[in-house]
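In: Here you go, sequence then predicted model.
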Amino acid sequence: MRDATPGTVFLEDYQAPSYLINRTELHFELGEEDTILTSRLYLLRAVPDDVPLQLHGQELELLQLSVDNEPLDAAAYQVTDDYLLIHKLPEQCVLTCKTRIKPQDNSSLEGLYKSHSMFCTQCEAEGFRKITYYLDRPDVMSVFTVTIDADAGRYPVLLSNGNLLEATALDNNRHRVQWHDPFPKPSYLFALVAGDLQHIEDSFRTAGGRDVTLRIYVEPKDIGKCDYAMDALKRSMRWDEEVFGREYDLDIFNIVAVDDFNMGAMENKSLNIFNSSCVLAHPDITTDAGYQRIEAIVAHEYFHNWSGNRVTCRDWFQLSLKEGFTVFRDAEFSSDMGSRTVKRVEDVSMLRSAQFAEDAGPMAHPVRPESYIEINNFYTLTVYEKGAEVVRMIHTLLGAEKFRAGSDLYFSRHDGQAVTCEDFLLAMEDASGMDLGQFRRWYAQAGTPVLSVADSYDAEAQTYTLEVSQRCPATPGQAEKQPFVIPLAMGLLGDAGNLPVKLAGEEPDHDTDDNTHRVLIIDREQQQFVFEGVQEHPVPSLLRGFSAPVRLEYNYDRDALCQLMSRDGDGFVRWDSGQTLALQVISEVQAQLSRGEAAAVDPLLTGAFTRLLEDESLDPAMVAEMLALPGEGYLAEQAGEGAADVDLIHRARQRVKQAIGEAAEQVLLARYHGLASDEAYQPVGEQIARRALRNSCLDYLACANPAHLALASEQLASAGNMTDRLAALKTLAFHAEEADWTQPLADFYQDWRHETLVVNQWLQLQAAMPDAGALERVRGLMEHPDFDLRNPNKVRSLVGGFAGQNPVNFHRADGAGYRLLADVIAQLNSINPQIASRLLAPLTRWRFYVGRQELMRGELQRLAELPELSPDVYEVVTKSLQ
Ligand code: PHE
Ligand code: ZN
């Protein structure tokens, strides 16, 4: 049903543009007071009627307007806050428009703005309209020529998309460059950078023999931190050729790092702009997780050159067309570069803790939303990560070969076009012969489906039966759901390992080399699967590899979980069984604590974890993942609406951690020492795995016995890289009662205050500390000279870290945590609405928290009543209060 909120945009209202812009010429005159932009748009009417041209434009000062070089009189056009409307244009004409903007005052970091002394742009989704009047929509694609004039001393480097045509000196110590991008593109892929930048350079020869110059531009302070991203870029380029058959298409590819950036990075054609936190790396300042993130994001943005740029989106409802597909592509890349199972576990844990929460909250929306007030609010985990899961399911259903054929067809059929999710599905269907009709519901229905499984074994007939049913909870605007198509990858575990799985009435499949694994297709509300020749009562291994983004319900007993955990053929299921076991034990301890009883932690869990540690044949990275208990946010989400008790969750989880630490103390110590190494730091899989497990041992040891905090102090003193240093510091800081943490934190700041990315980690660590003084500390740090409300990375580290990673303090019973967050959001609402809106997420989960609902709603209400609410904050606040 359509709601009538003003400002809502609906997918069903989509209309093709009535004008095309075949060519776009932009001339920027960058200045210290303002920037003057002259645009020449080569317009062509695309409809028979003489309709007015309605150009988007915000915060622009219009100086001149002419059509075919004739100035327009005032009666021929109208200017509003959001549009420039021009009447009676010839069918084909050149519109010249001169405007003034003030990048120096632009704190929204959208459009043209300044970051330190450099100019840069961010246009996705609708930022180009803050640069000039334009048809700022992705289905209007144009060939851009960009001329930039600027002071030669302050801005020696002037960049835009495509190829450099010329560079000339002008009077008054100014200079001019001209760039031309031969590929038609929508305005959201436009970029401009001007600054006093340094760069590193490398080159890449494509499979087709094109030599591409690769450059990474940074502020001079960061020139020593570019090498890793350059290597990651070359690996990405090679991988996309080998795995997707995609080659790079220009002679130059640039990356620029900026310190003030709303998101992670942006795929502007041949001029990717990165948040410096997602591209700069050095062992002194970057953790292992940071390195892996950089590799993934460099790849993600590069992959957009095909999935996003060569083939783009028709409208923003189709955002997942490029984002879901590109996240799938970058996840496959990371899996191939490192451990596939570890990557899968990381992605699933994030999906289940954060995307499932989104799906269960007031902002729940389908992968392809049907309406929005502010598109910036829809760059979500649902569009990105669930969208990637949907593509992954297509991959599972079609198989690798047909999926590749579908991808090839999609790219060749739609090269140079702006298309829809439907076009993607059609290409997949046409290339594979598979019918994805019902599968399309994944794009249209919001909410996380629940897959409920029951089983029975008939010893005499040697048959094993699975009863599978699906349902999906109601989400805003969608009360009833139709059944999804859910690929359920599974196996059966017997005493001696995985059993053959053969469905009754089915011929054995000689084509597959693995008869112990199969994918069941669940496409009705209720289905039954009978397996025959099952000689013992098996334990079902379900949802292998997390084959669908669903909640699985099956009544596992703890013995079965232990068996799966230690012996199943699927690495993901081994991890997931450990998580389920831990979840059960933590809930049991919660129940004990809430009854005022002493906690009794099931020795099955501590024993299983101890055995994991004892088995040195296991991949240390996997062991580290398996030892990581479900996070407090996930536990809250699992508790359900109105049932999450943050304090109890925290205490129970800590208690279980302590019990594991105590039970495994000897092996933890042995592994901690055994995994030490004096090799030179390298961000490579084998070393990363070792450090991850070693630091996880340290964490458990500190929980078991405060005496082991001495190990953390030693490690902090001797660490040769940021991974080990930060892990040690965190261990001390998270045991604030027993450890001396103030001095180490102060020393750390003194050592690293010149590195802004390290200062951010320092802020984040203090924001996440569970000690009782956290809130006052965070308020204090907001006054610290290194904090800056205008810098999104600082805000995310300190305020986002507090609200998102410090549940006990954010959810303080007196409501002070909520007040702090709302105070910051109120300020950011006018400074940077996108960041303000993103920070709201923890408050939108108010339904879950027992005893806190009124306080949380109260802050949302307070925000709702603010004057001049941005559409970004307005949308999230009002939807959350409904
Ligand atoms: N398109 C970017 C990406 O996913 C994300 C982004 C969106 C960046 C909007 C800036 C603004 O790669
Ligand atoms: Zn993307």
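Out: Everything's here; your move. Ligands and ions are numbered 1, 2, ... in the order given.
In: Contacts only, for the residue of the stretch 101-250 of the chain found nearest ligand 1.
Out: Taking C-beta to the nearest ligand atom, ligand 1 has its nearest neighbour within the stretch 101-250 of the chain at Glu124, 4.1 Å off. Where C-beta positions appear, they are placed from N, C-alpha and C, glycine not excepted. Neighbour list for Glu124: 188-189, 266 [criterion: C-beta atoms under 8 Å, 6 or more residues apart in numbering].
In: same deal with Asn376?
Out: Taking C-beta under 8 Å, 6+ apart, one finds 125-126, 833-834, 837, 872 in contact with Asn376.
In: Report the secondary structure state of it.
Out: helix (DSSP: H, G, I helix; E, B strand; the rest coil).
In: Number the residues from 50 up from this point.
Out: Got it, first residue is 50 now, which makes that one Asn425.
In: Quickly note the distance from it to Gln367.
Out: Distance, Asn425 to Gln367, by C-beta to C-beta, to the nearest Å: 16 Å.
In: Stretch 131-140 spans what distance, first to last residue?
Out: Length of stretch 131-140, first residue to last, C-alpha to C-alpha, to the nearest Å: 24 Å.
In: repeat for stretch 209-221
Out: 23 Å.
In: Check what contacts it and list those residues.
Out: In contact with stretch 209-221 (C-beta under 8 Å, 6+ apart) are residues 193-195, 197-198, 201, 207, 224-232, 234, 238-242, 299-301, 317-320.
In: What of stretch 838-846?
Out: 156, 158, 308-311, 324-326, 805-806, 809-810, 812-813, 816, 831, 835-837, 873, 876-877, 880-881, 884, 888.
In: Looking at those, which are in strands?
Out: Asn324 (DSSP state E).
In: ok, Pro793 - contacts?
Out: Contacts of Pro793 (C-beta under 8 Å, 6+ apart): 762, 765, 778, 781-782.
In: Checking it next. Helix, strand or coil?
Out: Relying on three-state DSSP, one would call Pro793 helix.
In: Which positions in the protein make contact with ligand 1?
Out: 171, 173-174, 311-312, 314-316, 349-350, 353, 372, 428 (C-beta under 6 Å from any ligand atom).
In: so of those residues, which ones are in strands?
Out: Short answer: those in strands (DSSP E) are 171, 314-315.
In: out of those residues, who's near ligand 2?
Out: Under the cut-off given by C-beta under 5 Å from the ion, ligand 2 has nothing from those close to it.
In: Let's have those in CSV, adding pLDDT.
Out: What follows is those, written out as CSV (pLDDT from 0 to 100):
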residue, pLDDT
Gln171, 99
Ala314, 99
Met315, 99
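In: Keep only those of the contacts of Asn425 that are also close to ligand 2.
Out: Within these, nothing lies near ligand 2 by C-beta under 5 Å from the ion.
In: Just the closest of the residues you listed to Leu678, please.
Out: Ser886 (31.0 Å; C-beta to C-beta).
In: That closest one and Glu924 touch, don't they?
Out: Yes. Counting by C-beta atoms under 8 Å, Glu924 is a contact partner of Ser886 at 7.4 Å.
In: before we move on, the earlier item: in strands only, show me the contacts of stretch 209-221.
Out: Using DSSP E, the contacts of stretch 209-221 in strands are 193-195, 197-198, 207, 224-232, 234, 241-242, 301, 320.
In: Filter these down to the buried ones, PyMOL style.
Out: The following PyMOL line selects those of those that are buried, judged by 16 or more other C-beta atoms under 10 Å:
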select buried, resi 193+194+195+197+198+207+224+225+226+227+228+229+230+232+234+241+242+301+320
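In: the helices in the stretch 700-849 of the chain, which residues?
Out: Per DSSP state H, counting those that start in this stretch, the stretch 700-849 of the chain carries helices over the ranges 714-723, 734-753, 758-767, 771-782, 791-801, 805-817, 823-830, 841-844.
In: Now which of the contacts of stretch 838-846 would you call buried?
Out: Buried among these by 16+ other C-beta under 10 Å: 156, 158, 308-311, 324-326, 805-806, 809-810, 812-813, 816, 831, 836-837, 873, 877, 881, 884, 888.
In: before we move on, back to that, now for the contacts of Asn425, which pair is the farthest apart?
Out: The span of those, defined through C-beta to C-beta, is set by Glu175 and Ser886 at 14.3 Å.
In: Between the two, point out the one with more neighbours.
Out: Ser886 (23 against 20; other C-beta atoms under 10 Å).
In: With Val922 as the reference, measure out to the closest residue to ligand 2 within the stretch 700-849 of the chain.
Out: Nearest to ligand 2 in the stretch 700-849 of the chain, going by C-beta to the ion, is Pro841, at a distance of 17.1 Å. Distance of Pro841 to Val922, computed by C-beta to C-beta: 15 Å.
In: And those two? Which one has more around it.
Out: Set Pro841 next to Val922 and count neighbours by other C-beta under 10 Å: Val922 wins out with 27 against 24.
In: who does the helix or strand containing that one touch, helix- and strand-wise?
Out: Using DSSP states H and E, Val922 sits in helix 920-930. Packed against helix 920-930 by the contact rule (3 or more C-beta pairs under 8 Å, 6 or more residues apart in numbering; DSSP states H and E) you find helix 882-888, helix 890-893, helix 902-913.
In: got the contact list for Asp625?
Out: 397, 592, 595.
In: Shouldn't the first one be within a helix?
Out: Yes. The assignment for Val397 is a helix, going by three-state DSSP.
In: so what pLDDT did the residue of the stretch 650-799 of the chain found nearest ligand 1 get?
Out: The nearest approach of the stretch 650-799 of the chain to ligand 1 comes at Pro732, 21.9 Å away (C-beta to the nearest ligand atom). If you check Pro732, the pLDDT there is 98.
In: And for His586?
Out: The model's pLDDT for His586 equals 98.
In: Okay, it and ligand 1: tell me how far apart.
Out: 47 Å (C-beta to the nearest ligand atom, to the nearest Å).
In: That residue: what's it in contact with?
Out: Contacts of His586 (C-beta under 8 Å, 6+ apart): 506, 508, 513.
In: Nearest residue to the last one in space, ignoring adjacent ones along the chain?
Out: This points to Tyr513. Val583 (4.2 Å; C-beta to C-beta, 6 or more residues apart in numbering).
In: these two touch, right, the one you found and Leu542?
Out: No. Val583 is not in contact with Leu542 according to C-beta under 8 Å; the separation is 11.3 Å.
In: Just want the phi and psi numbers for the residue in the stretch 200-349 of the chain positioned nearest to ligand 1.
Out: As assessed by C-beta to the nearest ligand atom, ligand 1 sits closest to Met312 within the stretch 200-349 of the chain, at 3.5 Å. Phi and psi for Met312, reported as degrees, to the nearest 10, are phi -110, psi -160.
In: same thing with Cys362?
Out: phi -90, psi 140.
In: what pairs with it across the strands?
Out: Val468 (DSSP bridges).
In: residues touching it, list them.
Out: By C-beta under 8 Å, 6+ apart, the neighbours of Cys362 are 187-188, 368, 370-371, 467-469.
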